[in-house]
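Participant: no sequence for this one, just the structure:
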């Protein structure tokens, strides 16, 4: 039954001879569905070179893109979330924290570091969505507060990179208190006349949007970023009206005055350098 066999030399490949691509070498653009090689992603700063879609990245990648020569000093690395409420749903919160720390190599959903951008000093606090959805808990609020204190003391501008699903429900009121805490600290930063730039990335939602993410002296976002407070279904049921198309995108928010600029990630460092020089003068 030659119908079911390939007998031409060089065509038949046994299962043992087939080679799989290593994990992480290739992935697919969520927007245009075209394959992207990892080296191309790094070279293009994690932006799809076919359609311009901005892939989701974390603090490691943002630090490498923004800081000069990827040189920086990370601060407040000893902070870790506790479990003050002994929260337990399908799993103990304390166990989930341990698992997430081991899986991601992160201590919590935010990292803070200072370095230079185009020769200008800058403090960056950047959220990581891989750590429990980038949720805002006590450690997130405390790291932001300490970062602001550092900026006030050293007169260094502050950049906050937000990427979050909102407040961390496992810490309940402790999490919600971070909204007031960080907003109050930003008021002190303003009184000290130290610049604050807020960068909103995909997604920025919930209590993060309702607090520090929208309080920048300059509010910027990446193209196509999802930015909002509540989900579309909740809003629609509340106002009893159909929602405009794309109403929670960065482009819609800029059109309605909530954002100052939308900046392509490949131009981010240059733009930030210009902002910092302008504000320093």
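Facilitator: Thanks, I have the structure now. Only a predicted model underlies this, so the values are computations on that prediction, with no experimental measurement involved.

Participant: what's the single longest helix in the protein?
Facilitator: helix 172-191 (DSSP state H).

Participant: Would you pull up how far it lies from the middle of the chain?
Facilitator: Centroid separation for helix 172-191 versus its chain: 19 Å, with Cα atoms, centre = their mean, to the nearest Å.

Participant: what are the bridge partners for the closest residue to residue 35 other than its chain neighbours, then?
Facilitator: Nearest residue to residue 35 in three dimensions, chain neighbours excluded: residue 26, at 5.4 Å (Cβ to Cβ, 6 or more residues apart in numbering). Just so you know, the C-beta spots here come from the backbone N, C-alpha and C atoms, and that holds for glycine as well. Note on residue 26: beta-bridge partners by DSSP bridges are residue 37.

Participant: residues near residue 236, how many?
Facilitator: Burial measure for residue 236: 13 neighbouring residues, criterion other Cβ atoms under 10 Å.

Participant: and the gap between the residue most central in space within the chain and residue 95?
Facilitator: Nearest to the geometric centre of the chain sits residue 163, at 3.3 Å (Cα atoms, centre = their mean). For residue 163, the distance to residue 95 equals 24 Å [Cβ to Cβ, to the nearest Å].

Participant: just residue 81 next, same as before
Facilitator: On the measure of Cβ to Cβ, residue 81 and residue 95 end up 12 Å apart.

Participant: next one: residue 111
Facilitator: Taking Cβ to Cβ, one finds residue 111 at 23 Å from residue 95.

Participant: Mind checking which of those two has more residues around it?
Facilitator: Neighbour count, other Cβ under 10 Å: between residue 111 and residue 95, residue 111 has more, with 25 against 11.

Participant: contacting residues around the closest residue in space to the more buried one that isn't next to it in sequence?
Facilitator: Using Cβ to Cβ, 6+ apart and skipping residues adjacent in sequence, the residue nearest residue 111 is residue 59, 4.2 Å away. If you count contacts by Cβ atoms under 8 Å, 6 or more residues apart in numbering, residue 59 has them with 106, 110-111, 126-128, 161.

Participant: same deal with residue 147?
Facilitator: 75-76, 112, 123, 125, 158.

Participant: from these, which two are the most distant?
Facilitator: 76 and 158 (13.9 Å; Cβ to Cβ).

Participant: Neighbour count: these two, which is higher?
Facilitator: residue 158 (26 against 20).

Participant: isn't that one right next to residue 192, touching?
Facilitator: No: Residue 158 lies out of contact with residue 192 (Cβ atoms under 8 Å); the separation is 10.5 Å.

Participant: Using the record's domain definitions, break this structure down for me.
Facilitator: 24-55, 57-280 (automatic domain parsing).

Participant: will you turn those domains into CSV that also has mean pLDDT?
Facilitator: What follows is these, written out as CSV (pLDDT from 0 to 100):
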stretch, mean pLDDT
domain 24-55, 92
domain 57-280, 96
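
Participant: So which of those is the most surrounded?
Facilitator: Comparing the domains of the chain by mean neighbour count (mean count of other Cβ atoms under 10 Å), domain 57-280 ranks first with a mean of 18.

Participant: picking up where we left off before, and the residue nearest to the centre of the chain, helix, strand or coil?
Facilitator: State at residue 163, reduced to three classes by DSSP: H, G, I helix; E, B strand; the rest coil: strand.

Participant: does residue 106 count as helix, strand or coil?
Facilitator: Going by three-state DSSP: residue 106 is coil.

Participant: if I look at it, how far off is residue 99?
Facilitator: On the measure of Cβ to Cβ, residue 106 and residue 99 end up 12 Å apart.
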